[in-house]
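1. Okay, here's the prediction I keep looking at, along with the sequence it came from:
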Amino acid sequence: MSTTSIAYHFLIKTLIRTPLSFDHIPPILDRIELVENFETPEYIFVELIRFYGCSGRFEEAVDVFCNIPSFRCVPSALSLNSLLLVLCRRNQGLKLVPCVLMKSRVLNIRLEESSFEILISALCRFGKVGYAVEILNCMICDGFDVDMRIFSLILSSMCEQKKGFGSGDFGVLGFLESMRKVGFCPGMIDYAKVIKVLVKERRGLDALDVLNQIKAARMKPDIVCYTMVLNGVIMEGEYDKADELFDELLVLGLVPDVYTYNVYINGLCKQNNVKGGLDVLLRMEKMGCKPNLITYNVILKALCKFGKLDQAKELLSEMSLNGVGADLQTHRIMLDGLFGKGEIDEACVLMEEMLDKCLCFYCSTYDEIISGLCQRGLVCKALDLVEKMACKNVAPRPKSWEAIVLAFSNELSLPEAVWTGLVSSAKTQGGT
DNA sequence: GTAGGGTTAG
């Protein structure tokens, strides 16, 4: 390498580090091109491309790349990749990519596996998985060895697409199948992602199918996969299959964790088998698996649904003894349960407690309680609650006001508090 | 050998 080229490289490197040096670069390049006659090393262009690209000057970066031959240099995938990398960072740069690819053909640059990888990851990042798949197919056709990471990346992007990729040949399952034919060996994470999407799309039986595929590939599905599939079949109401799955994972020597138990208990509760749910709760504790908030909420909800309020209250104190604090959801479940069983007084107490504890969210049961009180002629009590809600900035819905006004309809005039409440309620409704 | 992917309700 010539001393001159080293000097130019130094000069350019220095300029790149100097702020606002854009104007100084073209004259130097002109000089190298027209006055000097050394073979310019490619890495000088790589640095320039990165520099322009990182400054958002995509066109200039592309110009540098296209003009490389004028500098007595044969461009390779090295400069192409550096250009692709910067262009692929932003949508604006991405638009120039097709042009660059055509130009690189003219320049006789053979795309390398790494070039494809850059393009595919960019397309996946921008949510254009369809194009990523097309490029993947090109790679396969051209006889490239595709890195497993690329398959996983595309699969994972497919799974993250907002619009479900659904069934058929163009879905996740179709992709998985066709990629397996060209040598892709999905790992547990790949399978888990596919299962997750299927369950999310409420296709529990397809998820079960994938679980069987894992087994067919002589792999042992792990507890996460089992848990998701279990959840999937339960959502589809396939409770027999759920039982089979639970037995199966035990036979395989997998240890259910709190997620697994929660899903299973939820399934039992959905079958109205609260007793079964409680049994499993005992069993998991015995096995050393601590129930969490979700475990309790699921069972509490089932107990309340069947009006087993005493048992629910018992479980409530049990959970706090176990160090699991009730959350908003827990309170809502209990409130609904109490109200549903007609225990308005207790529901009132709980409602006040919730407001005191600053669990200050709007809850439709509040309105039901207020209406319920009004219907029983306990309008003063209802007004107390409304006031308490106001203190916590929780506004009753119009339904509550209607009930209150109705309760006063036999009287000559509404109390002032009701008027102001009504007015501010109207304002809020108008504003939203 | 590792991490990582998973649970109620709305």
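-> Nice, I can see it.

2. Checking A:Lys103 next. Helix, strand or coil?
-> Secondary structure for A:Lys103, judged by DSSP: H, G, I helix; E, B strand; the rest coil, is helix.

3. Enumerate the residues of the stretch 301-432 of chain A near DNA strand B.
-> With C-beta under 7 Å from any atom of the strand as the criterion, the stretch 301-432 of chain A meets DNA strand B at residues A:Lys301, A:Gln329. Quick note: C-beta positions are derived from backbone N, CA and C, even for glycine.

4. Can you list the residue ranges for strands in the stretch 301-432 of chain A?
-> Here the stretch 301-432 of chain A has no strands by DSSP state E, counting those that start in this stretch.

5. In it, which residue sits nearest DNA strand B?
-> A:Gln329 (4.7 Å; C-beta to the nearest atom of the strand).

6. low-scoring pLDDT stretches of chain A, where are they?
-> Applying pLDDT under 70 to chain A flags the ranges A:1, A:162-170, A:358-362, A:410-414, A:419, A:421-422, A:426-432.

7. domain parsing for it?
-> Chain A resolves into domains spanning A:1-110, A:361-413 when parsed by the TED database.

8. Can I get those in a markdown table including mean neighbour count?
-> Supplementary listing: the domains of chain A in a markdown table, determined by neighbours: other C-beta atoms under 10 Å:
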| stretch | mean neighbour count |
| --- | --- |
| domain A:1-110 | 16 |
| domain A:361-413 | 17 |
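
9. could you dump these to CSV with distance to A:Lys286?
-> Shown next, in CSV, are the domains of chain A (distance: least, C-beta to C-beta, whole Å):
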stretch, distance to A:Lys286
domain A:1-110, 54
domain A:361-413, 35
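
10. For the closest residue to A:Ser424 other than its chain neighbours, give me phi and psi.
-> Once flanking residues are discounted, A:Ser424 sits nearest to A:Ala395: 7.6 Å by C-beta to C-beta, 6 or more residues apart in numbering. Main-chain torsions, A:Ala395, degrees, to the nearest 10: phi -100, psi 130.

11. Of all residues in the stretch 51-200 of chain A, which one is closest to DNA strand B?
-> A:Ile189 (3.3 Å).

12. ok, now which ones touch that residue?
-> Counting by C-beta atoms under 8 Å, 6 or more residues apart in numbering, A:Ile189 touches A:Ser152.

13. If you count neighbours, what's buried in the helix or strand encompassing it?
-> Applying DSSP states H and E as the criterion places A:Ile189 in helix A:188-200. Buried residues in helix A:188-200, counted by 16 or more other C-beta atoms under 10 Å: A:Asp190, A:Tyr191, A:Ala192, A:Lys193, A:Val194, A:Ile195, A:Lys196, A:Val197, A:Leu198, A:Val199.

14. Pull out the buried positions in the following helix or strand past it.
-> On the C-terminal side of helix A:188-200, the closest following helix or strand by DSSP H and E is helix A:204-216. Neighbour-count burial for helix A:204-216 flags A:Gly204, A:Asp206, A:Ala207, A:Leu208, A:Val210, A:Leu211, A:Gln213, A:Ile214 (criterion: 16+ other C-beta under 10 Å).

15. Now do the helix or strand just after helix A:204-216 and helix A:204-216, the angle between them.
-> With elements assigned by DSSP H and E, the helix or strand that comes after helix A:204-216 is helix A:223-235. On the basis of axes from the mean of the first three to the mean of the last three C-alpha atoms, to 10 degrees, helix A:223-235 is oriented at 150 degrees to helix A:204-216.
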